[in-house]
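Q: Take a look and give me a structure for this.
(chains A, B, C and D)
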Amino acid sequence: MEYFRRTNSFFAAAFVLLLAVGLMAPNWFSYLTTISLAKALVVIGLVILLRAGLVSFGQGLYYCLGGYSVGIAGHYLQWTDGFLVLLIAMVVSGIVAAILGLLLCRYREIFFAMLTMAFSMILYGILVKSVGLGSTDGFNIHSVSFFGWEPGTDKLGLIVYFLACLAALIVAVLMHRYFHSPVGFAGEAIRENEIRVEYLGVSPNRIIFSKYILAAVLAGAGGGLTALASGHVDPEMAYWTTSGEFVFVALLSGTAHVAAVFIAAFLFEIIRTYAFDLAPYNWQMILGATLLLIIFFLPKGLWSIFTIRRAGGGVK
Amino acid sequence: MSVILKTKNLSKSFGAVTAAANINVEIHEREIVGVIGANGAGKTTFINMVTGYLKPSAGEIDFRNRNILGLSPRHITKIGISRSFQVPQLFSELTALENIVIAHRLMKANRLEVQAPLKTQSAVDAARGSLAEFGIADYAEAQVTALPQGTRKLLDIAMAMAGSPDLLLLDEPTSGVAMEEKFPLMDTVMEAVKRSRAACLFVEHDMEIVARYTDRVLAFYDGHIIADAPTEEALSNKEVREYVIGTELHREKEGKEERTYVESP
Amino acid sequence: MDTLLVILVDGIVYSSWLFLVAAGLTLVYGVMKILNMAHGSMYAIGAYSAASFVGWYFSADYVPWASYFFFIGCALAGGVIAGLLVERGVLRLMYGSDEVVMILVTYGVLLILEDVTKLIWGVDAYFAYQPYGLLGRTKVMGITFANYDLYLIGVSVTVGALMWYGLNRTRNGKMLRAVIHDREISMAMGINVTRTFIITFVLGSALGALAGGLTAPALSVVPGIGIEIIILAFAVVVIGGLGSVEGAAVGAILVGISRAIAVHTFPEIELFVIYGVMALVLSVRPRGLFVTATARKI
Amino acid sequence: MVKSNSFGRRVQFLAIFFSFVFLAVGSGPNSAQAADDSKFTVGVVTFLSGGAAGPFGVPSKNAADLVIETLNEGKMPAPYDSKGIAGMTIEAEVVDEAGGGTKQVGEYRNLVQRKNVDAVIGYISSGDCLAIAPVAEEMQALTIFFDCGTPRIFEENSYKYVFRTGLTATIDSVAAARYILDQKPDLKTVAGINQNYAWGHDSWNDFEASIKVLKPDVEVVTEQFPKIYAGQYGAEISALMLKDPEVIHSSFWGGDMEGLVLQGSARGLFEGRTGILTTGETAMFRLASEMPEGTVLGARGPFGVYAPSNDLNDWLRTEYTKRYDTPPTYPAYKMTQAILGLKSAVEKAAKGKEGKPSTEEIIAAFENLEFEAPSGTVRMSLGKGHQAIQEMVYGQFTNEGGKPGVKNVKRYPAECVNPPDGITSVEWIQKGLKQTECK
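A: Have a look, this model is predicted:
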């Protein structure tokens, strides 16, 4: 459709660029990019909620569920097809979110944040207690196949990278449309004024419920991809610090545009990797300072660099 | 003309305070009704009960012969009762146009789409039409926070009318609006109401406005209706003169009465 | 019966510690609407300040009992300094941001302070165990308790009572509560909100540091101890109702007793207790025990 | 929403962004150095932040600094008195182990590809080791785990590029069970307090199973699993006291272990009850006045006070204490051991050859290697020659005469506490700890 044509061709261009980069870049770089793409999926879910005025400090719950779904399917059930396990990851996350969402969709603000965190930590506790699943050590995912074809370990990284790019493209296109759809705007409307939304004949809770499930499905996909890429899952994925990291990236990106999320996720991984590198003792300080600087100078996230310029251009 | 809204013995009390007692009202199709009464007389409570925001302590509400007691505001909106607010309830970080587009789309859709764009050409055109109807087309691209109070009031009413309601409840449409803008504002609103063929009930403190635009007046005092009659008759009613008009502020002073009832969360 | 009593004592000891940890957090939230993650750092700074003082004091052979005043004073001083720096240096610039953004601001501060404590004190453990053993023991139902822990109950009750008295019975406290109720109106009434914020944050930080300082004698003070208590304190405060001192007390007792019951009867579920209690309370009382949800007036 | 000029702007923005990124990646410090035959680069990964930094990360990092510096100067005692590794200067790239498995896999890839290290030595967390092992295999990079304890690594898989010079956690528990039964032959009741995570679970399960096998009538009266880093153990201590076991087993480490000792001592938990602290050696000097007399202390191998008397050990103790003002604890020993193991393997592979030996050659030399370390002789004989075994030592703490030390030291030969190759630790314990030589 005309309406989305420009953005879609932009996404397509970025996709092609990413594929090319994947073929040329060294392995560590494509791994870093795969992880940032996977995390970006989680963060897009978070941004969907943020646009509706909600902050989840517990997206790690679905990130972890996604990872473990992939792991359990591959390791214990011998279902190794990459597409199938990702689908399972999303379905499992969606189902759990549909149950928890019934309760959570009535909560707002800090209470939503704290309750989502509590649920995430409960999953963490369950996994820590699950000796069969390796407790805190987690377990490895050994074999991944695609429609019966098993890439060797040397090629697997690249294949997962392509898979992540594909997933990112699909999600970017669909979610960009979603942001501009009536339901997408209903989220912003809820953030701005729930009473008005109610008086427009729409149930804010129901919209939030659907958004919560959507965010969970995306987080599940992100977790699944991460598991495929790193070949390992552990309960740390559900720990609150992991969820905090997603909020960090969401803040970095802002809620203005889907593309900003991918850029922010990538930037975050780069910043963290270089912080680890430059200051192995004090990387936390660098991250903390970055966070404060972003909040102070770019309160609306990365995309605002871009929109401010656009607005300025408009005046002239 | 047939009755569309009918309340029977509608009452509401908050603890020991009675906000509404035995309200019996009938509103007919396409009727314009003014509601007068001092602050705290129960006018807003009445609107809140009819639209489902407050649950009445007792009584019944029928809309088009259907009992709507206990329905949520969104159900009541869906079946044709809309309202505006004393303090405009808008999406303040969005533009005026976006506010209207959202209102149109949310009101009219049975299922909200997740992939088609909100701002289709036809939706935007319709929204611009609606802004033009209320005389605020110039503000289409402005963010709500930057709008003057009168424009916000109009936008609030325009959003209420987005779903083409059968009954429109306006809570103090002219409060907070500068004196000289009140009549133009009400002219705009009433024209729109007449075109839409909706019945309209509005709360107003300014008796000149009540006199000019209404067919009938409900006068509230201390949670009771003390008069329900054609406008002229009601305004000349002795009790109304004593308890309502007498306590109303004079036109010059009004406007400063504006007070925010929204609690900071 | 014996077990029951022991559970009760264990629970109360733990609760009193929880309350100390959470008191500053709920105060800061109540007045400033900031859910302060850096509270954990204040706890750590208090613990480090106290521990490094105790280490020096006891190696220098002074009168042992006097150490109590000094190490508590050290912890408080650490908290006051850190609180002032954080409020003036960072938070001041961010006031007016969304509540959730403020959480992230304090998260940034937490990350920075975490490394700052590491730069000051290194990563090796600090010990301050002398004051812990000095007070002797008491037997309850055949189980020995450290008197230090039992006295901590008294300290906790005192802190709670002082906070309650300060907020409800003193002029400054009433002003604080006015700010809690409506920031703009109290500004219009001539209350100096800026000063109120500084005082509140410094007080909250000092309380966090006090908790750390008082806990230090029973601990090995190592990097990361602050992070561990954040979620605990959050849970207590959310259960009780954000911003409510009474709520924090009840939340602490609820969590403390539940945990003691779990440890004595089903040690397996200890890890879930706090989140379980939180999820349960919030699902029944969406805003915590001591805060009621109010419908917005329109 | 979509403005006519925004597409171009976005592309422009992205172009700037990506060129920035590539610039950063390309010109970053330590970007891909050309292979240099005069240097041998080692990635050193250990905890530098969080709760494990103090007790494990920093001592091991300190040991790495000391050992690498001394090796480069050629001042180590024999047989390590040659300069560097096979004449090459050793360079270390230090990375913080914080952040969990996913993060560490990324950092590992960085080390191997971007920093071009010749070998990676590291990993304290078993979760990280499990995550890294397959990646090492994929990237064909020599990797030495120096500390992590889970036996799952070589029991669930076999790896070519991965070695572990440290002992498994099973050994701690099996030897602890043997030791306590040697000391208390008519033991009746035990209890456990272990951290609620994999290490704690595994340690307790192995210990409990070993006790049950060795003396089936011992009763477990309570098993406590407080959260890791909980800090406060008041209720757990009460529960332990109520159940009143003769022996209390704990695999707590670092701050948690020290906290337990402090709180337990203050309340008399260890009066009339013997504590077994499988990692207790790290605290025996700094908590000497609080450590209860007679507490069974482990050091996860013949490390620290249990290290035998030899030149290497003398050197390590003297130099480490001199430089860091505290005696080396077992993580320092384990790191030293890993570096010396690497040096031995590389030099064996380089013997009679020109230039740097290939990874394949080093691996061939490393498999089934026997080398000397401050802890005595290390044999890489499990996991198809990739997993070290050593004797295991336990003793009891004593502070007689105000000088902290250990008494009743008992050394268990490697075969007595290690499963034979090809059988998992759990099976081995359950089948009665057989095929062993214990005197």
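Q: close enough to count as contact, residue C:286 and residue A:107?
A: Yes: Residue C:286 lies in contact with residue A:107 (CB atoms under 8 Å); the separation is 6.1 Å. Backbone N, C-alpha and C define where each C-beta goes, glycine included.
Q: Let's verify residue B:217: helix, strand, or coil?
A: strand (DSSP: H, G, I helix; E, B strand; the rest coil).
Q: Now for the closest residue to it other than its chain neighbours: which residues touch it?
A: Spatial nearest neighbour of residue B:217, excluding adjacent residues (CB to CB, 6 or more residues apart in numbering or on different chains): residue B:234 at 3.7 Å. Residues near residue B:234 by CB atoms under 8 Å, 6 or more residues apart in numbering or on different chains: B:216-219, B:227-228, B:240.
Q: Over to residue C:217?
A: Residue C:217 makes contact with C:50, C:54, C:128-132, C:148, D:262 under the criterion CB under 8 Å, 6+ apart.
Q: Please enumerate the strands of the chain.
A: Assuming you mean chain A. Under the criterion DSSP state E, chain A carries strands at the ranges A:139-140, A:232-233.
Q: Hmm, no, I was thinking of chain B.
A: B:3-14, B:17-28, B:32-36, B:58-63, B:66-67, B:81-83, B:167-170, B:199-203, B:216-221, B:224-230.
Q: Among those strands, pick out the one with the most neighbours on average.
A: Among the strands of chain B, strand B:81-83 has the highest mean neighbour count (mean count of other CB atoms under 10 Å in any protein chain shown), at a mean of 27.
Q: so what strands line up beside it?
A: Strand B:81-83 has the following sheet partners, assigned by DSSP bridges: strand B:167-170 (parallel).
Q: And the partner strand, how far out from the chain middle?
A: 4 Å (CA atoms, centre = their mean, to the nearest Å).
Q: Residue C:189: how many residues sit nearby?
A: 11 (other CB atoms under 10 Å in any protein chain shown).
Q: Over to the one 3 residues further on?
A: Under the neighbour criterion other CB under 10 Å, residue C:192 is assigned a count of 13.
Q: mind checking pLDDT for it?
A: At residue C:192, the model reports a pLDDT of 81.
Q: what's the answer for residue B:77, then?
A: So, for residue B:77, pLDDT stands at 90.
Q: Looking at residue C:286 and residue A:107, which has the bigger crowd around it?
A: For residue C:286 versus residue A:107, neighbours defined as other CB under 10 Å are more numerous around residue A:107 (20 against 17).
Q: which ones are touching the nearest residue to that one once chain neighbours are set aside?
A: Of all residues not flanking residue A:107 in the chain, residue A:115 sits nearest, at 5.6 Å (CB to CB, 6+ apart). By CB under 8 Å, 6+ apart, the contact set of residue A:115 is A:58, A:103-104, A:107, C:278-279, C:282.
Q: Buried ones among the residues you listed?
A: Neighbour-count burial (16 or more other CB atoms under 10 Å in any protein chain shown) is assigned, among the contacts of residue A:115, to A:58, A:104, A:107, C:278-279, C:282.
Q: So residue B:54 versus residue B:12, what's the distance?
A: 6 Å (CB to CB, to the nearest Å).
Q: and what of residue C:189?
A: For residue C:189, the distance to residue B:12 - CB to CB - is 33 Å.
Q: which residues of the chain fall in helices?
A: Looking at chain A here, since you left the chain open. A:2-24, A:27-51, A:60-75, A:82-104, A:109-129, A:153-179, A:182-192, A:194-198, A:204-230, A:240-253, A:258-278, A:283-297, A:303-315 (DSSP state H).
Q: hmm, I had chain C in mind actually
A: Going by DSSP H, chain C shows helices at C:2-32, C:39-59, C:67-86, C:92-94, C:99-121, C:130-134, C:147-169, C:171-181, C:183-188, C:193-215, C:225-240, C:245-265, C:270-284.
Q: The last one vs chain D: in contact?
A: What it means is helix C:270-284. Yes: contact between helix C:270-284 and chain D, assessed by CB under 8 Å from any CB of the partner chain, occurs at C:270-271.
Q: contacting residues around that helix?
A: A:103, A:107, A:111, A:114-115, A:118-119, A:121-122, A:125-126, A:128-129, C:231-232, C:235, C:238-239, C:254-255, C:258-259, C:262-263, C:269, C:288-289, D:196, D:224-227.
Q: what helix or strand is the closest residue to chain C within the stretch 101-250 of chain D on?
A: Here the stretch 101-250 of chain D gets closest to chain C at one residue, residue D:235, 4.0 Å apart by CB to the nearest CB. Using DSSP states H and E, residue D:235 maps to helix D:234-243.
Q: go on, residue D:361?
A: Residue D:361 belongs to helix D:359-366 when assigned by DSSP H and E.
Q: So, low pLDDT: which residues of the stretch 101-250 of chain B?
A: B:246-250 (pLDDT under 70).
Q: can we see that at 80?
A: B:109-111, B:113, B:115, B:242-250 (pLDDT under 80).
Q: ok, back up a step: which residues are in contact with each of residue B:54 and residue B:12?
A: Joint contacts of residue B:54 and residue B:12 (CB under 8 Å, 6+ apart) are residue B:45.
Q: Residue A:83: neighbouring residues, count only.
A: Residue A:83: 13 surrounding residues under other CB under 10 Å.
Q: contacting residues around it?
A: Residue A:83 touches A:146-147, counting by CB under 8 Å, 6+ apart.
Q: try the one 3 residues further on
A: Under the criterion of CB under 8 Å, 6+ apart, the contact list for residue A:86 reads A:70, A:163, A:167, A:221, A:224-225, A:228.
Q: can you do 10 Å?
A: Contacts were defined as CB atoms under 10 Å, 6 or more residues apart in numbering or on different chains; by that measure residue A:86 touches A:66, A:69-70, A:73, A:163, A:167, A:220-221, A:223-225, A:227-228.
Q: ok, now residue C:132?
A: Contacts of residue C:132 by CB under 10 Å, 6+ apart are C:54, C:146-149, C:215-219, D:262-263, D:265-267, D:290.
Q: Against chain A, how distant is the residue of the stretch 1-150 of chain B found nearest chain C?
A: In the stretch 1-150 of chain B, the residue that lies nearest chain C is residue B:85 (5.6 Å; CB to the nearest CB). The spacing between residue B:85 and chain A, counted by CB to the nearest CB, to the nearest Å, is 8 Å.
Q: Ok, residue B:232 next?
A: 33 Å.
Q: how many neighbours does that residue have?
A: 11.
Q: Go ahead and confirm it touches residue B:217.
A: Yes: taking contacts as CB atoms under 10 Å, residue B:232 lies within contact range of residue B:217: 8.8 Å.
Q: what do these two both touch?
A: With CB under 10 Å, 6+ apart, residue B:232 and residue B:217 have common neighbours residue B:211.
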